[in-house]
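Chemist: Please find the sequence and the predicted model below.
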Amino acid sequence: MRGSPRGMGRADGVRRSGARDTTVAAGHTVLPLIAGAIAVTVAMVLTACSDSDPEFQHTIDMEDNFFDPEVARIDVGDGVRFRNRGVVPHNAIDVGGTWSTGETAGGEASDLMDPDEEIVVTFDEPGVYTYYCSIHAPDDGSAGMAATLVVGDVDVDAADDDAAPADQVTEWTGVTRRVPEDHPTIQNAVDAADPGDLVLIAPAPEAPEHLAADGAYVYREQIDISTPYLTIRGTDRGAVIIDGEHERPIGINTVAADGVAVENLTVRNTTGNGIYWTGVTGYRGSYLTAYNNEIYGIYAFDSTDGLFEHSYASGSKDAGFYIGQCDPCDGVITEVVAEHNGMGYSGTNASEVYILDSIWRQNVSGIVPNTLDSQRLPPFGRVTIAGNLIHDNDSREAPALSLQWSAFGNGVLLTGGMDTLVTRNRILDHERSGVTVGPNLSRNFWMSGGNVVTDNVIEGSGYADLVLAGPALTGNCFAGNGPSRTVPAALETIATCGPDARAGAGVEVADPDRGSFRLPSRQHLAPTLSFVGLVAESEFGLQPDNDHRDAPAPPEQGQMPGGADAPVVPAVAVFASFGVDLDAVEVPPPPARSLLPAAGRDDAEGATATDAADPGDDAATADAQAAGPSARNGPVLVAGVPLGIGGFSTLFGVLGWLAPFALFAAWVALALIDLARREDLARPAVVAWTAGVLACCPSSGPRPTCWRGAPGCRGG
């Protein structure tokens, strides 16, 4: 329900930090956090036993980005613990202004709670409260991250679900609100604008109040947008800068305002997200630069019908680009560059997404769709990843959260998802794998199934080019990728795709088209648990500790064609207007490494945001092809267990191999004991059954040691 609250909360709570259950943090983790479970449990017990904290009878969790539960009932006098279990700051503010977590902790109403923090609020008066998070919902609590708290035995009015939505605006009104000529701040122009207006932003005035430490003139503000169908446009992509100064959580924050387009500007140095849409239908981000924003660069949550295009994101601990909690998302990411992030792309519980013709490089990991119970609509599925250049995503210098570190060294990592298509990508030089399909553990255990991996060029992978990590569901298939090594061995033979295999966005029913004759499906637990080894590294303080503020500034990026005079088009029917043509997508050329415009590289001067050589430039193309992937000596594999890839990864990989072997050995032992005790079988029958049981044993043992380049290692 939504409405005016009644009642009063007593501000006797305290702010405290507690250990977070990191298996449910949004954005994305990859695998179970076994290594840290004991430490987390101990910390939570110690926190709960503190005598100095006020008592509480109920807990409301702040996830990313919703309250759980959305409706809670408590008795008068009860205490409620608000606990931030997300990876970005949140708060809880009563719509009527009678209480807030910030004021309860002795600060301002809008003060934010960092991840892991807890605040207890005690409610002494009966009433119904609608409350919201000030950075993820409008201040009337009508949408976004908002919830209801019922105190005592009071009547609850029915929600007003009949409110008419705002009229859709498909064309520019002809009104331009100029900053700073007509309005001193961007927020002032946004507040004055009507649906369909253009907010046109020139570079910040060259005045002391706009001068940043690096000599740039910037806008020192967070822009909150609640008016639908606006177009927010900079006149110069590199010179129009919104600077969070490492103090403000979001640069541009669009909450429950449909049809907002943001174009041709830069957002940097926020403590959370650079450019953010939540709870909207229709969004577009074009020619944007987002860098050194702590958690996410360019981000759409609980939103549908959107497009990110011609944009750049770097220096975010979670992901440069993110689309999450939507089904169908009807979202497209195309012609973007992501580097120096925890993940290039992360998409939690996001289905019907196209990721096309983009560059993902020098992140901790590349493209990571994933399933978590900390957000709604699990599992993710029907994602198409095609035509991308994905290389060198094994950076030990990029900033990353501990959960993102568990995805280290992989080009494409599908964790706990369904019916995704990975095709016609060039995937080069990853310390772990080119493509891994595997499970994910959140509150539930999510296995992957129905995923199709075909016709990619995969080279230079340290562990294996293709990995099917177990346990997995049926229907995962691999074909035409030309791998040098796979785990399990001969993956493109035992789990091949037929000529009519189909999956991905826009496909109603995925089908590997494997025909009537199928070899037994195989997966491998060793790679699953080797990921847990990375979690252990983080828990023991072995993960590189890189500050996002130290990530290199990006090279100059291309301007939006037409600039200030480009047509003004509200973000309406975005997906339908884009018109995906998957048949036109091709494998991109390899990177021209001597021309690589990666931020922070000595050879990046004068380069633009492109990683592949211009096909029309014969000299550049020749240089790109000559460069090719760098040579990489992969670790020795014993039964799929990587030796030398890292102590914890090897340890957990060995455990992953031994577990099924031990179970099988136990089964054999029990079978033999049972046969020995059988008195109803004649001796020949006992001998025959014993031989049959023992004949299964060799298949459970280790395969021969294999290393890259050894005879017979191709495909194994």
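Modeler: On my side now, so go ahead.

Chemist: so who does the closest residue to R424 other than its chain neighbours touch?
Modeler: Leaving aside its sequence neighbours, R424 sits nearest to V587 (Cβ to Cβ, 6 or more residues apart in numbering; 4.8 Å). In short, each C-beta sits where N, CA and C put it, glycine included. For V587, the contacting residues are G387, R424, N425, R426, D455, N456, V457, by Cβ atoms under 8 Å, 6 or more residues apart in numbering.

Chemist: Now intersect those residues with the strands, please.
Modeler: R426, V457 (DSSP state E).

Chemist: Select the longest strand from this structure.
Modeler: The single longest strand within the chain, with elements called by DSSP E, is strand 281-291.

Chemist: which strands and helices sit next to it?
Modeler: strand 260-268, strand 273-278, strand 296-301, strand 304-309, strand 312-314, helix 574-578 (3 or more Cβ pairs under 8 Å, 6 or more residues apart in numbering; DSSP states H and E).

Chemist: Could I get the full set of strands for the stretch 501-650 of the chain?
Modeler: 636-638, 641-643 (DSSP state E, counting those that start in this stretch).

Chemist: now the stretch 101-250 of the chain
Modeler: 117-123, 127-132, 146-151, 176-179, 198-201, 223-225, 231-234, 241-243, 250-255.

Chemist: now for those, which one comes closest to E508?
Modeler: strand 250-255 (31.4 Å; Cβ to Cβ).

Chemist: angle of that closest one against strand 281-291?
Modeler: 180 degrees (axes from the mean of the first three to the mean of the last three Cα atoms, to 10 degrees).

Chemist: average pLDDT for strand 250-255?
Modeler: Averaging pLDDT along strand 250-255 gives 96.

Chemist: can you list the residues that contact that strand?
Modeler: Strand 250-255 has contacts (Cβ under 8 Å, 6+ apart) with 135-138, 143-144, 222-226, 232, 242, 244, 260, 262, 267-268, 270, 272-280, 283, 290, 293.

Chemist: Centre of the chain to it, how far?
Modeler: Relative to its parent chain, strand 250-255 has a centroid offset of 18 Å by Cα atoms, centre = their mean, to the nearest Å.

Chemist: Same check on stretch 396-404?
Modeler: Remark: stretch 396-404 is offset 13 Å from the chain centroid, using Cα atoms, centre = their mean.

Chemist: tell me the mean pLDDT for that stretch?
Modeler: pLDDT averaged over stretch 396-404 gives 92.

Chemist: Between the two ends of it, how far is it?
Modeler: Using Cα to Cα, to the nearest Å, one end of stretch 396-404 lies 12 Å from the other.

Chemist: Make 9 the starting number, not 1.
Modeler: Got it, the first residue is 9 from now on, which makes the last one we talked about stretch 404-412.

Chemist: coming back round to it: turn the helices and strands packed on strand 289-299 into CSV, including mean pLDDT, mean neighbour count and distance to A509.
Modeler: Shown next, in CSV, are the helices and strands packed on strand 289-299 (pLDDT from 0 to 100; neighbours: other Cβ atoms under 10 Å; distance: least, Cβ to Cβ, whole Å):
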stretch, mean pLDDT, mean neighbour count, distance to A509
strand 268-276, 98, 27, 37
strand 281-286, 97, 30, 34
strand 304-309, 97, 32, 29
strand 312-317, 98, 24, 28
strand 320-322, 98, 30, 32
helix 582-586, 97, 16, 25
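
Chemist: Distance to D365 added to these, as TSV?
Modeler: Shown next, in TSV, are the helices and strands packed on strand 289-299 (distance: least, Cβ to Cβ, whole Å):
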stretch	distance to D365
strand 268-276	19
strand 281-286	21
strand 304-309	16
strand 312-317	10
strand 320-322	14
helix 582-586	12
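
Chemist: closest one to S118 among these?
Modeler: Comparing these by Cβ to Cβ, strand 281-286 comes nearest, at 16.6 Å.

Chemist: what's the angle from that closest one to strand 258-263?
Modeler: Using the same axes, to 10 degrees: strand 281-286 against strand 258-263 is 0 degrees.

Chemist: Relative to L449, how far out is the closest residue to P211 other than its chain neighbours?
Modeler: Computed as Cβ to Cβ, 6+ apart, the closest residue to P211 that is not its neighbour in sequence is A247, at 4.1 Å. To L449, A247 is 46 Å away according to Cβ to Cβ, to the nearest Å.

Chemist: The two: which has the busier surroundings?
Modeler: L449 (21 against 16; other Cβ atoms under 10 Å).

Chemist: where does this protein dip in pLDDT?
Modeler: Low-confidence segments of the chain, defined by pLDDT under 70: 9-62, 165-173, 523-529, 601-643, 645-655, 661, 664-665, 667-669, 701-724.

Chemist: Have a look at it and report its longest helix.
Modeler: helix 655-685 (DSSP state H).

Chemist: Can you check my assumption that L476 lies in a strand?
Modeler: Yes - counting by DSSP: H, G, I helix; E, B strand; the rest coil, L476 is part of a strand.

Chemist: which residues touch it?
Modeler: 444-446, 484, 486, 494-496, 499, 503, 530-532.

Chemist: Can you say which two of the residues you listed are spatially most distant?
Modeler: The span of these, defined through Cβ to Cβ, is set by T444 and R530 at 14.8 Å.

Chemist: Comparing the two, which residue is more hemmed in?
Modeler: T444 (32 against 16).

Chemist: Report how many residues lie close to the nearest residue to the more buried one once chain neighbours are set aside.
Modeler: Spatially, and ignoring its direct neighbours in sequence, T444 is nearest to V475 (4.1 Å; Cβ to Cβ, 6+ apart). A count of neighbours around V475, defined by other Cβ under 10 Å, yields 30.
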